[in-house]
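> Predicted model follows, preceded by the sequence.
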Amino acid sequence: MVPLEIGCFEGNKAETATNVPIINQFQSRHGLADMVVVADAGMLSADNLRELDEANLRFIVGSRMTKAPNDLDSHLRWHGDAFTDAQLIDR
C-alpha cells in the first residue's frame, strides 16, 4: 500500500481520536462524498465504531477470528462463519 496522505498530531493524542477528523479532511480535500474506511483490529471497540457510524462513514474492520468479541464468537458458534453480503450482527 502507498499512503495517500499523512497527518501529524501531538504525541499524547491517540490514533482513535484522530481518525474521523483525518477522514473528513481527506474527503473534503478530494471531493469525496462517499467512501469506505478499512481499519485494523485497533479500531475494534464500541466507541471507535460508534464514532465512525455517527460520522456517517461506512467501514470494514478486520480482526482475527480468535480475537472476535464474545458476542460475535457466540454467533459464529451457533451459525457458522458464512455471512451474506451486507449482513449485520446486532450486538
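Done, it's in. Bear in mind that the values here come from a model prediction, so they are computed numbers and not experimental data. Numbers count the residues shown, from 1 in each chain.
> going forward, measure contacts between C-alpha atoms and count neighbours the same way
Fine.
> any idea which element the residue lying farthest from the centre of the chain lies in?
Taking CA atoms, centre = their mean as the measure, the residue most remote from the mean C-alpha position of the chain is Trp78, 24.9 Å away. If you go by DSSP states H and E, Trp78 is part of helix 70-79.
> What mean pLDDT does that helix get?
For helix 70-79, mean pLDDT is 73.
> before we move on, what about stretch 5-13?
Mean predicted lDDT for stretch 5-13 stands at 85.
> Between the two ends of it, what distance do you get?
Terminal residues of stretch 5-13 are spaced 18 Å apart (CA to CA, to the nearest Å).
> Dihedrals phi and psi, Phe59?
phi -150, psi 160 (degrees, to the nearest 10).
> That one: neighbour count?
Applying other CA atoms under 10 Å, we find 14 residues neighbouring Phe59.
> can you check Val37 too?
14.
> if I look at the closest residue to Val61 other than its chain neighbours, how far off is Ser74?
Excluding its sequence neighbours, the residue lying closest to Val61 (CA to CA, 6 or more residues apart in numbering) is Ala39, at 4.9 Å. Ala39 sits 23 Å away from Ser74, going by CA to CA.
> do Ile6 as well
Counting by CA to CA, the gap from Ile6 to Ser74 is 38 Å.
> Neighbour count for the two, which is higher?
A side-by-side neighbour count of Ile6 and Ser74, using other CA under 10 Å, places Ser74 first with 12 against 6.
> what's near enough to touch that one?
Counting by CA atoms under 8 Å, 6 or more residues apart in numbering, Ser74 touches no other residue.
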